[in-house]
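Enquirer: Please find the sequence and the predicted model below.
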Amino acid sequence: MAKLYTICDIQSILCPELAIPAYKNRIVDGIGFAVHQPHIQRRGTVATTPQAPGQAAYSQIRQAIVEGRYKPGQRLIEQRIAEQFSLSRTPVREALRRLEAEGLVLSEPNRGAIVRTLSMEDVSDLYGLRARLEAYAAELAAERIDPATQKILDAGIEDFALALTLTSVDAVERVRAVDTANSQIHRAIMAAAKHERLSRLLERTTDVPLVFQAFRQYDRAQTERSHLFHQLIRDAIVAGDGPRASALMHEHVLQGRDVLLAHLAATSSDEVDELFGVSAWETAGPGELAGNLSAEYPAEPV
């Protein structure tokens, strides 16, 4: 039997005029949890199978780009990467082609593969487009969500709350846990929209490295605000209120954009590469960011 989790009442600290019900006494079971969470595991050990070399190369290089270990503009030399991950050059070459198709890697004459770079205008444009597309997805989800997808959405929100309480892991692990839960939430909403073309557009529009770096720059209050937005969006979707879900999602996505642009403004930098440096998560201790969040948003088995 799967464990059951509940999140108690929280007070709405934003958009009180919308009068959206709080995320209240909701029970979530582990059955609908479809995405593997390596950092927050509710159930027993999940059996895994070794990845094929091509997939292993793709996963490891992609993670290094997303987390900023391979920085924008950095050359990706096949031989060095192969040695770093104990692989041959063939799967590395295949992985770089896949990442180029995703838009994370560029191939330049006389330089080979490099991590793609972005301007501040690119950041603003990407988030502006994503905000509109995800707002439409949330509106459709309010009309089309089914019980199975709702369970996955609820599980993602639960894991986001649990990630905020982590104090026994390092800064990058905490961001990974938050980012993984966030990804599940947004993917569940996309799935609930049941719109294949929209889903493909969002996959191309959502810049995964920027999302990860936004979470690196979030302080405690901003991360809690993101958590609350997820709950408010969820409640609007389940209530069938498409316009409200759409408006909340639009504001939520632009919050991420504003954090990134504010960080660049604070550092007096026009270079988006600056985002891939030291963050609030690395400069603050676990207690400063995670605090005693469990007391505010308890997620205890019942």
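Expert: Structure received.
Enquirer: Any stretches of this structure with poor pLDDT?
Expert: Where the chain drops to pLDDT under 70, the residues are 1-50, 268-302.
Enquirer: Show the residue spans covered by the helices in it.
Expert: 53-66, 78-84, 89-102, 120-144, 147-163, 171-193, 196-205, 208-217, 220-238, 242-266, 280-283, 286-289, 293-296 (DSSP state H).
Enquirer: Can I get the second one in CSV, CA atoms only?
Expert: Once side chains and other backbone atoms are set aside, the C-alpha atoms of helix 78-84 remain, and they are given as CSV (Å, rounded to 0.1, in the frame of the first residue of the first chain):
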residue,chain,number,x,y,z
GLU,A,78,34.8,15.0,-28.0
GLN,A,79,38.1,13.4,-26.8
ARG,A,80,38.1,15.3,-23.5
ILE,A,81,34.5,14.6,-22.8
ALA,A,82,35.0,10.9,-23.7
GLU,A,83,37.9,10.7,-21.2
GLN,A,84,35.9,12.6,-18.5
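Enquirer: ok, and for it, which residues are buried?
Expert: Of the residues in helix 78-84, 78, 81-82 count as buried by neighbour count, 16 or more other CB atoms under 10 Å. Just so you know, the C-beta spots here come from the backbone N, C-alpha and C atoms, and that holds for glycine as well.
Enquirer: what's the answer for the fourth one, then?
Expert: Of the residues in helix 120-144, those scored as buried under the neighbour-count criterion (16+ other CB under 10 Å) are 123, 126-127, 129-131, 133-142.
Enquirer: Kindly report the same for stretch 193-202.
Expert: For stretch 193-202, by 16+ other CB under 10 Å, it's 193-195, 198, 201-202.
Enquirer: For residue 112, which of the helices of the chain is the nearest?
Expert: helix 78-84 (7.9 Å; CB to CB).
Enquirer: what packs against that closest one?
Expert: helix 89-102 (3 or more CB pairs under 8 Å, 6 or more residues apart in numbering; DSSP states H and E).
Enquirer: so how far is the helix it packs on off the chain centroid?
Expert: 23 Å (CA atoms, centre = their mean, to the nearest Å).
Enquirer: tilt between it and helix 208-217?
Expert: 80 degrees (axes from the mean of the first three to the mean of the last three CA atoms, to 10 degrees).
Enquirer: by contact count, what packs against helix 89-102?
Expert: Short answer (3+ CB pairs under 8 Å, 6+ apart): helix 89-102 packs on helix 53-66, helix 78-84, strand 105-108.
Enquirer: List of residues touching that helix?
Expert: 52-54, 56-58, 61-62, 65, 76, 78-79, 81-82, 85, 105-107, 113 (CB atoms under 8 Å, 6 or more residues apart in numbering).
Enquirer: residues in contact with stretch 52-72?
Expert: Against stretch 52-72 from outside (CB under 8 Å, 6+ apart): 50-51, 76, 81, 85, 87-88, 90-92, 94-96, 98-99, 104-105, 115-118, 172, 176, 208-209, 212-213, 216, 272-273, 275-277.
Enquirer: what's the closest of the helices and strands packed on helix 89-102 to residue 248?
Expert: Of the helices and strands packed on helix 89-102, the one closest to residue 248 (CB to CB) turns out to be helix 53-66, at 25.9 Å.
Enquirer: Now residue 223: closest residue in space that isn't a chain neighbour?
Expert: residue 164 (6.2 Å; CB to CB, 6 or more residues apart in numbering).
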